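> just a sequence and a predicted model for now, questions to come.
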Amino acid sequence: MRKLLLAALFLTLTLCSACGARTASPGDAAEEDLTVIGMCQVGAESDWRVADSESMKTVFTEENGYRLLFEDARQKQENQISAIRKFIQQRVDYIVLMPISESGWESVLQEAKEAGIPVILVDRMVDAADESLYAAHVGSDFLREGAMAAQWMEGVFPDERENVGIIHIHGTLGSTAQLGRTAALEAALEKHENWELLARLDGDFTQAKTYEVMTEYLSSLPGRGNIDVVYCENDNIAFGAIQALEEQGYVCGRDGARVITFDATRGALTQCLEGRIALAVECNPLLGPLVEEVIQTMEAGGTPEKHRYVEEQVFTAEDLTEALIEAREY
Ligand code: GZL
């Protein structure tokens, strides 16, 4: 009889752990009375990313009732996937993922679902047919950001007979931010026959990579390029492009190459006020409070909206003052 009871107990425990039921074990996140968040950030490639991480760390503190397990993936998807598997083993209450690119997530998100751990996507999206693999997404509408930039360009270059030479420097290939901002420019190029794509360069959202590829491109030109617009998919790309352009004797501004940037961090807004950046499209990194709203909704037994998009605007020099820039949070 005793053997039968032991076998039944073993079977119950095995079935219980197999179906993902969360029973606490030593050193296990499930035993904490804090809400345990496993957070997997892309890296620290840009000023935007640093501000986004700060926003999360400011919200998810022990004083606010959270234990934050923060993993920096150093720009590698495999590091993000390993971190998610570690969070599953630790039986965290929620997984917050800032996916570096859209593809390659279905398997590990299925593992989190089977473990009964909700996943919240932040900033960029994942390409998953099964929307039940994530509880909610909080981020920006990148296509809209690009469309706002294209609309500004139409105002600056209204004459359809005038050739407009455009250099496009994109961000991390396959990331939602790159896909949306690129799609908006491609739609505008399709619409305006007089807009000419001079070059498409990969800046990977970093200043160093952009400086390298832009210098290489400018040095390859037989003479002065007819560069009217440099469409930079984030601020750090813009900083690298401006550095390369000015080193090669180009003027950035109203009388030269009009640099467009996305993110609109303080550094970019200052360069916009000074006239080197023509247009800064805001991309709000302060997503911590929105993520907390999603988690609190779920903690209360509610169902969060599937997608939450932050409000964003565009800036030109005319919109800016030093005081306004100083007062901004990032
Ligand atoms: C946008 C975010 C992008 C920023 C870049 O939400 O994914 O990644 O625009 C960052 O600065 O690298």
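Good, I have the coordinates.
> from here on, contacts and neighbour counts on C-alpha atoms
OK.
> what residues sit buried inside stretch 250-257?
Residues 250, 251, 252, 253, 257 are the ones in stretch 250-257 that count as buried (16 or more other CA atoms under 10 Å).
> ok, now stretch 300-313?
304, 308.
> ok, stretch 77-90 next?
Buried, per 16+ other CA under 10 Å, within stretch 77-90: 77, 79, 80, 81, 83, 84, 85, 87, 88, 90.
> with stretch 42-56 instead?
So stretch 42-56, judged by 16+ other CA under 10 Å, has buried residues 42-44, 46-49, 51-56.
> which two among the residues you listed are spaced furthest apart?
46 and 56 (15.8 Å; CA to CA).
> so which of the buried residues of stretch 250-257 comes closest to residue 279?
residue 253 (9.9 Å).
> touching, that closest one and residue 279? I think so.
No: contact criterion CA atoms under 8 Å: residue 253 and residue 279 do not qualify, at 9.9 Å.
> pull up the overlap in contacts between those two.
Shared contacts of residue 253 and residue 279 (CA atoms under 8 Å, 6 or more residues apart in numbering): residue 259.
> so which of the buried residues of stretch 42-56 are in helices?
Using DSSP state H to define helices, the subset of the buried residues of stretch 42-56 located there is 47, 48, 49, 51, 52, 53, 54, 55, 56.
> gap between the fifth one and residue 289?
What it means is residue 52. To residue 289, residue 52 is 11 Å away according to CA to CA, to the nearest Å.
> ok, now the last one?
Here residue 56 is placed at a distance of 8 Å from residue 289 (CA to CA).
> next one: the third one
Taking CA to CA as the criterion, residue 49 is separated from residue 289 by 16 Å.
> also the second one?
If you measure residue 48 against residue 289 using CA to CA, the figure is 16 Å.
> and for residue 62?
Taken as CA to CA, the span from residue 62 to residue 289 is 15 Å.
> who in the stretch 51-200 of the chain is up against the ligand?
123, 124, 177 (CA under 6 Å from any ligand atom).
> for those, pick the one with the most neighbours.
residue 177 (31 neighbours; other CA atoms under 10 Å).
> which residues does that residue contact?
Counting by CA under 8 Å, 6+ apart, residue 177 has contacts 124, 142, 171.
> so the second one touches residue 181, yeah?
What it means is residue 142. Yes: in this structure, residue 142 is within contact of residue 181 by CA under 8 Å, at 5.5 Å.
> neighbour count winner among those two?
residue 181 (27 against 23).
> ok, that one touching residue 149?
No: applying CA under 8 Å, one finds residue 181 not in contact with residue 149, separated by 9.1 Å.
> lowest-pLDDT helix or strand in this structure?
The helix or strand of the chain with the poorest confidence is helix 2-18; it has a mean of 47 (mean pLDDT, DSSP states H and E).
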